[in-house]
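> heads up, no residue letters with this:
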């Protein structure tokens with residue numbers, strides 16, 4: 001039994017079909033990438049997993065429980081953390097408060113009885129956020145904002161972490177730092193599903209890779225092999241018509 005399994009998932013937005021028969025799985029402790037151009041369907045797939053986008057048909061199971069039958073606010077309590085593409089940080093609040101808010105609302109359901117220990121553990125991982133602990137999140141740099149969004153997603157101690165474009169738009173040195181942090185998360189035996197538009201970012205991070213184009217999974221397998229595949233390269237560059 002896979003930790004997460006999507007089967008024949010079809011989703012639409014405002015009447016427009018976005019994803020088509022998505023089949024995807026993530027095993028416990030595994031790191032997997034979903035790679036595709038902007039608009040290919042990555043974010044819709046993630047939002048469907050989190051119950052933020054109603055699916056038209058198909059199944060999404062986590063720990064063998066059907067997620068499509070749950071209200072969105074219950075899904076993080078089952079053990080899935082989510083870093084949205086646009087970060088969606090709680091403005092007017094500090095980094096520390098952003099880490100604590102999920103615990104305040106759902107910590108009891110996840111069996112968290114030591115809020116301070118969880119928050120300190122996140123700051124231990126994202127060490128460069130310590131000096132920004134009491135800064136309002138609207139005053140963070142782009143990289144610090146991404147780290148804060150990932151840290152908030154870890155606040156409920158998830159079994160699976162969904163990272164939507166965690167490396168997009170960042171300076172190379174920040175990208176390398178975030179890769180290191182993601183490696184450390186994986187080493188904590190947390191499964192990770194990463195959506196990225198830049199395929200070159202993921203081979204050194206993940207075990208497997210899916211390629212999505214126009215809402216369909218068109219390839220899957222070893223990340224290094226797929227990144228070097230000329231047909232996949234053309235597709236990612238918009239030349240694979």
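Good, I have the coordinates. Since the model is a prediction, treat every value here as computed from it, not as a measurement.

> quick one: contacts for residue 226?
Counting by Cβ atoms under 8 Å, 6 or more residues apart in numbering, residue 226 touches 35, 199, 209, 211, 219-220, 232. The C-beta positions use only the backbone N, C-alpha and C, and glycine is treated the same way.

> report the two of the residues you listed separated the most.
199 and 220 (12.8 Å; Cβ to Cβ).

> who's more crowded, the two?
Comparing residue 199 with residue 220 by neighbour count (other Cβ atoms under 10 Å), the higher total belongs to residue 199, at 22 against 18.

> can you lay out the contacts of residue 226 as a markdown table showing pLDDT, secondary structure and distance to residue 130?
Converted to a markdown table, the contacts of residue 226 look like this (pLDDT from 0 to 100; DSSP: H, G, I helix; E, B strand; the rest coil; distance: Cβ to Cβ, whole Å):
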| residue | pLDDT | secondary structure | distance to residue 130 |
| --- | --- | --- | --- |
| 35 | 96 | strand | 32 |
| 199 | 89 | helix | 33 |
| 209 | 97 | strand | 33 |
| 211 | 97 | strand | 38 |
| 219 | 96 | strand | 41 |
| 220 | 96 | strand | 39 |
| 232 | 83 | helix | 40 |
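
> among these, which one sits closest to residue 84?
Taking the contacts of residue 226 together and measuring to residue 84 by Cβ to Cβ, the closest member is residue 35, at 17.7 Å.

> what sits up against the least confident helix or strand in the chain by mean pLDDT?
Least confident helix or strand, the chain: helix 230-236 with a mean of 82, by mean pLDDT, DSSP states H and E. By Cβ under 8 Å, 6+ apart, the residues outside helix 230-236 that reach it are 35-37, 199, 211, 213, 218-219, 226-227, 240.

> most neighbours among those, which one is it?
residue 35 leads the contacts of helix 230-236 on contacts (other Cβ under 10 Å) with 27 neighbours.

> isn't that one right up against residue 206?
No - using Cβ atoms under 8 Å, residue 35 makes no contact with residue 206, being 9.4 Å away.

> which secondary structure element is home to the closest residue to residue 220 other than its chain neighbours?
Spatial nearest neighbour of residue 220, chain neighbours left out: residue 210 (4.6 Å); criterion: Cβ to Cβ, 6 or more residues apart in numbering. Using DSSP states H and E, residue 210 sits within strand 208-213.

> ok, residues contacting that strand?
22, 24, 30, 32-37, 40-42, 45, 199, 202-203, 217-223, 226-227, 232, 235-236, 240.

> in strands, which of those fall?
22, 24, 32-35, 217-221 (DSSP state E).

> helices of the protein, start to end?
Taking DSSP state H as the test, the helices found in the chain are 42-49, 75-78, 95-106, 115-125, 142-153, 172-187, 223-228, 230-236.

> hey, least reliable of those helices by pLDDT?
Here the lowest mean pLDDT among the helices of the chain goes to helix 230-236, at a mean of 82.

> return the set of buried residues in that one.
232, 235-236 (16 or more other Cβ atoms under 10 Å).

> stretch 185-204 too?
For stretch 185-204, by 16+ other Cβ under 10 Å, it's 185-186, 190-197, 199, 201-203.

> contacts only, for residue 104.
residue 115.

> got the end-to-end distance for stretch 91-110?
Stretch 91-110 has an end-to-end distance of 25 Å (Cα to Cα, to the nearest Å).

> correction: stretch 59-71
Termini of stretch 59-71 sit 15 Å apart (Cα to Cα).

> great, nothing more from me.
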